[in-house]
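Engineer: How does the following fold in three dimensions:
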Amino acid sequence: MWKSVSQVLADQFGAYYNIKSKEKVHTGEMHEAWVIDDGVQPVFAKTNEKSYRSMFRAEADQLALIAKTNTLFVPRVYGVGCSSSHSFLLLEYLALQKPTNEEFSAFGVKLAQLHQIQGPERYGLDFDTWLGPVYQPNEWRDNWAKFFSDQRIGWQLEICKEKGIDFGNIKTIVEKCAGRLLKHKPQPSLLHGNLWIENCGSVNGKIATYDPAVYWGDRECDLAFTELFEPFPMEFYESYCRTFPLDKGYIQRKPVYQLYYLLNFSHRFKEHYVALTRKLIQLILNDEI
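Structural biologist: The predicted model follows:
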């Protein structure tokens, strides 16, 4: 595999990339991650079996899509490839630090600028993506309430049920969530889609973000996820809203958007996420939140 990696990087950098060191830095739910170095240019590499090449290709395409907007700072894509047995994604290596509140303030402006970019008048994407290791369908829809309730809430509820986690009548939950969004017709924004504190880090005075789950949707989805577990500093929200004020009714829609991420975490990690999700569903069904 590493010979194939060197060949892809040689094409990228215009000179042979002789790997002198390899350090495994992370083994996640699906992929292994490495920092490789030729003594000049360190590179971050994600690796897996050959069948995961399409997933790596989708991640590369999403990062490139965000990069083209000149808003959020994302790692540069060096290439996607495969050997006889493995596939890999090669990215710019970033020595990440914990962001400061001042950096989060600037990041709020950048996210607002991303969300203001004009795009299609529909919701979805030209290709499907993944939220973490979980397939995320992005079939185009004209109706936001139907898109989100079916392709986000309903989709995750079905996955949970297949994995033995029953949250109740799926049709009832989906219809209730759709009802909350029925009168909301947001201008489609390009979303990071997987924006939480774990996917952000500081480098050279600005925040980089990664592991996206991109699609065109309601910008409030990104903001709702930032608030779910460890909220971003208040400076982030203040600068975002100064740049692009929120629409009326966000507080009522936020629980539905957060439910998507909690459902995803429930069947991935179980533990207390299932209890949190069950409680949130009941609050939504009973109009208590």
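
Engineer: Quote the end-to-end distance of stretch 209-226.
Structural biologist: Start-to-end span of stretch 209-226 (CA to CA, to the nearest Å) is 12 Å.

Engineer: how far is that stretch from where the chain is centred?
Structural biologist: Centroid separation for stretch 209-226 versus its chain: 6 Å, with CA atoms, centre = their mean, to the nearest Å.

Engineer: So what touches the helix or strand that residue 279 is a member of?
Structural biologist: Following DSSP states H and E, one finds residue 279 within helix 272-285. Contacts to helix 272-285, defined as CB atoms under 8 Å, 6 or more residues apart in numbering, come from residues 165, 167-168, 172-173, 176-177, 180, 255-256, 258-259, 262-263, 265-266, 288-289. All C-beta spots, glycine's among them, are computed from the backbone N, C-alpha and C.

Engineer: and the gap between the residue lying closest to residue 73 once chain neighbours are set aside and residue 189?
Structural biologist: With sequence-adjacent residues excluded and distances taken as CB to CB, 6 or more residues apart in numbering, residue 73 is closest to residue 208, at 4.8 Å. For residue 208, the distance to residue 189 equals 20 Å [CB to CB, to the nearest Å].

Engineer: Can you tell me the SS state at the residue nearest to residue 73?
Structural biologist: strand (DSSP: H, G, I helix; E, B strand; the rest coil).

Engineer: check contacts around it.
Structural biologist: Applying CB under 8 Å, 6+ apart, the residues near residue 208 are 73-75, 94, 96, 200-202.

Engineer: so where do the helices sit in this protein?
Structural biologist: Secondary structure of the chain (DSSP state H): helices at 2-13, 53-67, 101-116, 144-148, 155-162, 170-181, 220-228, 234-243, 250-269, 272-285.

Engineer: closest to residue 136 out of those?
Structural biologist: For residue 136, the closest of the helices of the chain is helix 155-162, at 7.7 Å, according to CB to CB.

Engineer: out of the helices of the chain, which comes closest to residue 193?
Structural biologist: Between residue 193 and the helices of the chain, the tightest spacing by CB to CB is seen for helix 220-228, at 7.2 Å.

Engineer: Measure how the closest one sits relative to helix 101-116, angle-wise.
Structural biologist: Counting by axes from the mean of the first three to the mean of the last three CA atoms, to 10 degrees, helix 220-228 lies at 160 degrees to helix 101-116.

Engineer: what's next to helix 220-228, contact-wise?
Structural biologist: Contact with helix 220-228 is made by 111, 115, 148, 186, 191-197, 232, 236-237, 240, 246-247, 250, 253-254, 257-258, 260-262, as judged by CB under 8 Å, 6+ apart.
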